[in-house]
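[1] let me see the structure of the following:
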Amino acid sequence: MPSKGQKVTENAKQKFKESRLISWQEKFKWDEVEPAFFDMEIDISSRNSKKRKITISEFKNMVCSGMNADQIIETGVSKHLVAFLSSFCSGNIRLTKEAFEDMYSSGKSLDEISTELMIPRQHITYLRELFGIKTKGAKFIKRKQTEIPITQRQREIMCGALLGDASKMSPSSLKFVHGNEQREYIYWKSEEMKSIMSPSGVKGTTYTDKISGKERISWQFFTSANTDVEKIISEFYPNGEKLVPIKMLDNIGTLGLAIWYQDDGMVDFGRDLEKEFIITPVYKLCTDSFSKDECEMITRWMKQKFGLGAGLVPSSNGKVWRIKIDNESSDAFRKLIEPHVLPSMRYKLDYKDYLFDKGKPANSPSIFWTEVMKCPLGPSFISLPINEQEDWVRKVLSYVRANGFEHLLPRPSENEKDAKSIFLAESQKLIHEDCIGFSSTGSTYMLSFFNNFWDAKAKGMLSPRQVYENDKYLSEIIREAIIEGRFPRRHTLIRKLRRYRSNKSISLFMPCMAKAIYDNFSYEGSKVIDFCAGYGGRLLGAMSSKKVISYVGIEPNLKSYLSLNSLRENFSKVNGIQKEVLIMNQDSKVLQSFPDGSFDLCFTSPPYFNAEEYSEDVSQSCLQYEHYDEWIEKFLFFSVNESVRVAKKVIINIANTGPYKIADDLRKWALEKGILIEESFLRYPSRTKKYRLEPLFVLGRSR
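    Numbers count the residues shown, from 1 in each chain. As a prediction, this is how the structure comes out:
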């Protein structure tokens, strides 16, 4: 470089520039830059440039093409970024991505990292961007400075729950969810997680089960964002999907094993064929979301850590695998987890509660039970010779016969939760623009009062009791259940009796659907009349609806009349309801005794002529009027006409059936009378298509 006062020729200036450029180019150590970083984009940080991002590859090309720092800045790249890229590519910044991420994730701010490493603050920002590390602001830093580390007990509970029902809410937060039956269990978990639980606490949410259509309640809570929780989640969700990490199994002791079992375990019974009359529990873990390799890894871990023998068994559909504790290890497994099992979850240990003889009559021959319990199920049964299969079916049939048909029926005391679900159900979830959706919530409770329902049948079909009384039919049902791997308990048999060989069961009006209709079509303080009270669905809907203050039900069948009164009394007791309810043992002609406008709403679903045989009682409309044209005029049109007189609004649910176009005929008659206000629909699930619709006629007179 020339001294002060010395004249510099243009040639000297040019040589000086070339020398500086060579020095500039030679300081870069491109070979030491990790290849992955060459294509990482960094914000140019200049508002004067149309180009918003630059990569190290592009910066290298500029340098190698002969551009100096000033020329690169003139393209729109900020001077701070050029300084960073020069320093980074010259090897002056030796910080690795892993080291930077550890410091940043520990809660240190970029200013603190800059001071500690003696690197310009702007360089730290570019490093974070180059390394592809997500921005974490003041909230994260504050959380890191104030968060409470988790305890080993909490870690074990979380790992056990992640093998079960827990799931990732966010990269640093867990979600715990359980059904209403496990409410005590989730509150216990929330207490265990109290130090790191979200301030929102445990919350209940009502939803409609898509399979059963029943209203259900789920309870859930979340952990607050926490670094220790984040590390556990990253192990279980390395690629966004839950996996079973072998290293995390080391955190699980007997407590974690008990949590996993309470979340996803189930108990059944086994038969010891070598020891007569010995019944052993079978403990299984429902690992449906795990791969077969993961399940096998878990069984090896169980053997190594707890000395438990376990194997894999296919689920009922054969698509997934479940872990089954070996019979020889069942006692040891129970002893390991029992101290940690909550009282409300003991049903998963006390296998006798699952057995078929729950509620069995005292005089039922015990020899049947001990023999029946040895019956092989599923593939074990299928592999037997035909004659041995038939022997087992006969033994089970004998036992079922000894208990009697009444033993199979649902009981009110067993279904009080179902009764409360009707009262708590949210109607708005079923109300759509042009239809009322399906829900079967409460149907089991309702039927537990109507033993005569099991004698009713669709035309040309058999009643469930008739199917039961036929040895051939009942044997087929028992065989089918055993082949499916289901021991023929009460609920299995009664369901199959209703559906035997597509035997059409008689229709029921579901309580929650009735409740939705009242809530949608009536007003506050409505008085309701129902001239075909039937099996009580509309009665329960009226008692549950806040808009209905009174209900009058008309029912000609004496058995149904008595059952309706029992249903009313029990439902009032279970839910604490005090409403004016009157059940009349009359037919629809009694409508004539009511003055005009006595009720706000008449809502019913009349018989579909002779499509269903409820009883041999002569008060039944199809027995009073044997011909369709006489029935529709003297029963249906007469009853609807009287309803329109005594009620301000009338809703009739009826459909075409077989050769009888009942809905079409009612629509035509109502239009001619000028009383059809609108037409809506009930939406039911269907096996052959997405759903089926039944008309809902809304009738009334202009006043």
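[2] measure residue 614 to residue 100 for me?
    78 Å (C-beta to C-beta, to the nearest Å). Quick note: C-beta positions are derived from backbone N, CA and C, even for glycine.
[3] ugh, typo on my part, it should be residue 171
    18 Å.
[4] which of the two has more residues huddled nearby?
    Remark: of residue 171 and residue 100, residue 100 carries more neighbours, 19 against 12, as counted by other C-beta atoms under 10 Å.
[5] part of a strand, is residue 111?
    No - with DSSP: H, G, I helix; E, B strand; the rest coil as the criterion, residue 111 is assigned helix and is not in a strand.
[6] and it, what pLDDT?
    For residue 111, the pLDDT comes out at 78.
[7] that one: neighbouring residues, count only.
    Residue 111 has 10 neighbours, counted by other C-beta under 10 Å.
[8] ok, the one 4 residues further on next?
    Here the neighbour count serves as a burial measure; for residue 115 (other C-beta under 10 Å) it reads 13.
[9] secondary structure class for it?
    Residue 115 ends up helix, using three-state DSSP.
[10] surely residue 315 and residue 324 touch.
    No - the pair residue 315 / residue 324 is not scored as a contact, 11.2 Å apart, by C-beta atoms under 8 Å.
[11] and the two? Which one has more around it.
    residue 324 (19 against 14).
[12] which strands or helices does the strand or helix carrying that one pack on?
    Assigned by DSSP states H and E, residue 324 belongs to strand 321-325. Using 3 or more C-beta pairs under 8 Å, 6 or more residues apart in numbering; DSSP states H and E, the elements in contact with strand 321-325 are strand 279-285, helix 292-306, strand 310-314.
[13] same thing but 10 Å
    Secondary-structure packing of strand 321-325 (3 or more C-beta pairs under 10 Å, 6 or more residues apart in numbering; DSSP states H and E): helix 254-264, strand 265-271, strand 279-285, helix 292-306, strand 310-314, helix 330-337.
[14] can you give me the end-to-end span of stretch 458-471?
    For stretch 458-471, the first and last residues are 21 Å from each other (C-alpha to C-alpha, to the nearest Å).
[15] and for stretch 54-73?
    Distance between the two ends of stretch 54-73: 12 Å, counting by C-alpha to C-alpha.
[16] what residues of that stretch count as buried?
    Neighbour-count burial for stretch 54-73, counted by 16 or more other C-beta atoms under 10 Å, picks out 54-56, 58-60, 62-63, 67-69, 72-73.
[17] report the distance from stretch 78-97 to the chain centre.
    Here stretch 78-97 shows a centroid-to-chain-centroid distance of 52 Å under the convention C-alpha atoms, centre = their mean, to the nearest Å.
[18] same check, this time on stretch 185-205
    20 Å.
[19] for the remainder of this discussion, apply numbering that starts at 13.
    All right, first residue 13 from here; so that's stretch 197-217.
[20] and that stretch, what's buried?
    Quick answer for stretch 197-217 (16+ other C-beta under 10 Å): 197, 198, 199, 200, 201, 202, 204, 205, 208, 209, 210, 214.
[21] again with stretch 391-403
    By neighbour count with 16+ other C-beta under 10 Å, stretch 391-403 contains the buried residues 393, 401.
[22] also stretch 507-521?
    508, 509, 510, 512, 515, 517, 518, 519, 520, 521.
[23] in helices, which of the residues you listed fall?
    Secondary structure defined by DSSP state H assigns 508, 509, 510 of the buried residues of stretch 507-521 to helices.
[24] can you show me the helices along the stretch 163-312 of the chain?
    Under the criterion DSSP state H, counting those that start in this stretch, the stretch 163-312 of the chain contains helices at 164-175, 195-204, 239-248, 266-276, 304-318.
[25] which neighbouring elements make contact with the first one?
    Same thing as helix 164-175. Helix 164-175 packs on strand 185-191, helix 195-204, helix 239-248, helix 266-276, going by 3+ C-beta pairs under 10 Å, 6+ apart.
[26] so that helix versus strand 291-297, what angle?
    90 degrees (axes from the mean of the first three to the mean of the last three C-alpha atoms, to 10 degrees).
[27] put the alpha carbons of helix 164-175 into PDB.
    Extracted in PDB, the C-alpha atoms of helix 164-175 (Å, rounded to 0.1, in the frame of the first residue of the first chain):
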ATOM      1  CA  GLN A 164     -39.500 -39.700  38.000                       C
ATOM      2  CA  ARG A 165     -43.000 -40.700  39.100                       C
ATOM      3  CA  GLN A 166     -44.600 -38.300  36.600                       C
ATOM      4  CA  ARG A 167     -42.200 -39.600  33.900                       C
ATOM      5  CA  GLU A 168     -43.200 -43.200  34.500                       C
ATOM      6  CA  ILE A 169     -46.900 -42.300  34.500                       C
ATOM      7  CA  MET A 170     -46.500 -40.400  31.200                       C
ATOM      8  CA  CYS A 171     -44.600 -43.200  29.600                       C
ATOM      9  CA  GLY A 172     -47.200 -45.800  30.700                       C
ATOM     10  CA  ALA A 173     -50.000 -43.500  29.500                       C
ATOM     11  CA  LEU A 174     -48.300 -43.000  26.100                       C
ATOM     12  CA  LEU A 175     -48.300 -46.700  25.600                       C
END
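[28] flag every buried residue along that helix.
    Result for helix 164-175 [16+ other C-beta under 10 Å]: buried residues 166, 167, 168, 169, 170, 171, 172, 173, 174, 175.
[29] hey, which helix or strand in the chain has the poorest pLDDT?
    Lowest on mean pLDDT, DSSP states H and E among the helices and strands of the chain sits helix 378-384, with a mean of 59.
[30] past that one, which element shows up next along the chain?
    For helix 378-384, the succeeding helix or strand toward the C-terminus, using DSSP H and E, is helix 391-394.
[31] can you list the low-confidence ranges for the stretch 613-715 of the chain?
    By pLDDT under 70, the weakly predicted segments of the stretch 613-715 of the chain are 627-631, 699, 714-715.
[32] okay, strands next: where are they in it?
    In the stretch 613-715 of the chain, the strands defined using DSSP state E, counting those that start in this stretch lie at 624-625, 659-665, 688-697, 703-711.
[33] just say which of the ones you listed is most tucked in.
    Compared across the strands of the stretch 613-715 of the chain, strand 659-665 shows the largest average neighbour count, a mean of 24 (mean count of other C-beta atoms under 10 Å).
[34] the domain parsing of the protein - what is it?
    Domain ranges of the chain: 22-152, 159-264, 272-366, 378-415+474-514, 523-711, per automatic domain parsing.
[35] okay if I get those as JSON lines plus distance to residue 436?
    Listed next are those as JSON lines, based on distance: least, C-beta to C-beta, whole Å:
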{"stretch": "domain 22-152", "distance to residue 436": "38"}
{"stretch": "domain 159-264", "distance to residue 436": "7"}
{"stretch": "domain 272-366", "distance to residue 436": "20"}
{"stretch": "domain 378-415+474-514", "distance to residue 436": "23"}
{"stretch": "domain 523-711", "distance to residue 436": "9"}
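[36] joint contacts of residue 327 and residue 336?
    Common neighbours of residue 327 and residue 336 are listed as residue 296 (criterion: C-beta atoms under 10 Å, 6 or more residues apart in numbering).
[37] still on that earlier bit, of the buried residues of stretch 507-521, which one scores lowest on pLDDT?
    Of all the buried residues of stretch 507-521, residue 515 carries the smallest pLDDT score, 67.
[38] among the helices and strands packed on helix 164-175, show me which one is buried the most.
    Most buried among the helices and strands packed on helix 164-175, counting by mean count of other C-beta under 10 Å: helix 266-276, with a mean of 24.
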